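K.L.:
Build me a structure from this.
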Amino acid sequence: LGKVPSAKNADHATTATSALTATSATNATNATNATTAANATNATTAATATRATSAASTDGYFNSGLVTLSASTTSPGVQQTLTTRGPFSFIAQCLDNGGGSYAASLIVKDNSATGAIEEDDYDGNYSPPTTLNVGDTHNAFYPTTDTTPYWYGEYYNMFSVAAPGGPALSGEGSIGVHVLGAACAFQLVLYG
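P.N.:
Numbers count the residues shown, from 1 in each chain. Predicted coordinates for the structure are as follows:
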């Protein structure tokens, strides 16, 4: 026998399970939450935008990544400015001393702040710190000279610099010679 006509509508009672999809209305509320989630993402993006703005200013974080240089026999050697923050330029140098000896150094140069200060673990110049004036340079990292592979990235490469009115920066990184197929290699990380 066939189904009674009203019983045929009872088959749509499965669609009444769709009424559980009215829990989809809860999902629609979740969709509102999804909008909130989108707003949360936007908030994250806004935070990222704030960091991006900071990164463009003298604040924030900087990582040079690996920088390799060839060497020159003319002092101070091949130079590359890794970054400039406020009045400070951070310059990698690679000098060929002859006989297979390369010298690597990373210096900080004060471009425009009279009375800036610098401290580094290499010099142990905690008190008083080194005073930098316009045009002055100072080793930020422990400089190295060697005829064999050398790579160093410990506390002797930690330093801080500050200028009147800012910025104040802390830094660290690595320095080496005869490594990674290069005469000299560097990595500079700055915070502040």
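K.L.:
could you point out which element follows the lowest-mean-pLDDT helix or strand in the chain?
P.N.:
Ranked by mean pLDDT, DSSP states H and E, the weakest helix or strand in the chain is helix 23-56, scoring a mean of 40. Using DSSP states H and E, the helix or strand that follows helix 23-56 in sequence is strand 61-63.
K.L.:
those strands in this structure, which residues are they?
P.N.:
Under the criterion DSSP state E, the chain contains strands at 61-63, 67-69, 78-85, 88-98, 101-110, 116-120, 130-132, 137-139, 144-146, 150-152, 159-162, 168-179, 182-191.
K.L.:
so can I have JSON lines of these showing mean pLDDT and mean neighbour count?
P.N.:
C-beta coordinates here come from the backbone N, C-alpha and C atoms, glycine included. Conversion of the strands of the chain to JSON lines gives the following (pLDDT from 0 to 100; neighbours: other CB atoms under 10 Å):
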{"stretch": "strand 61-63", "mean pLDDT": "96", "mean neighbour count": "13"}
{"stretch": "strand 67-69", "mean pLDDT": "98", "mean neighbour count": "18"}
{"stretch": "strand 78-85", "mean pLDDT": "97", "mean neighbour count": "15"}
{"stretch": "strand 88-98", "mean pLDDT": "98", "mean neighbour count": "21"}
{"stretch": "strand 101-110", "mean pLDDT": "97", "mean neighbour count": "22"}
{"stretch": "strand 116-120", "mean pLDDT": "93", "mean neighbour count": "22"}
{"stretch": "strand 130-132", "mean pLDDT": "92", "mean neighbour count": "18"}
{"stretch": "strand 137-139", "mean pLDDT": "94", "mean neighbour count": "18"}
{"stretch": "strand 144-146", "mean pLDDT": "97", "mean neighbour count": "15"}
{"stretch": "strand 150-152", "mean pLDDT": "96", "mean neighbour count": "16"}
{"stretch": "strand 159-162", "mean pLDDT": "96", "mean neighbour count": "24"}
{"stretch": "strand 168-179", "mean pLDDT": "97", "mean neighbour count": "21"}
{"stretch": "strand 182-191", "mean pLDDT": "98", "mean neighbour count": "22"}
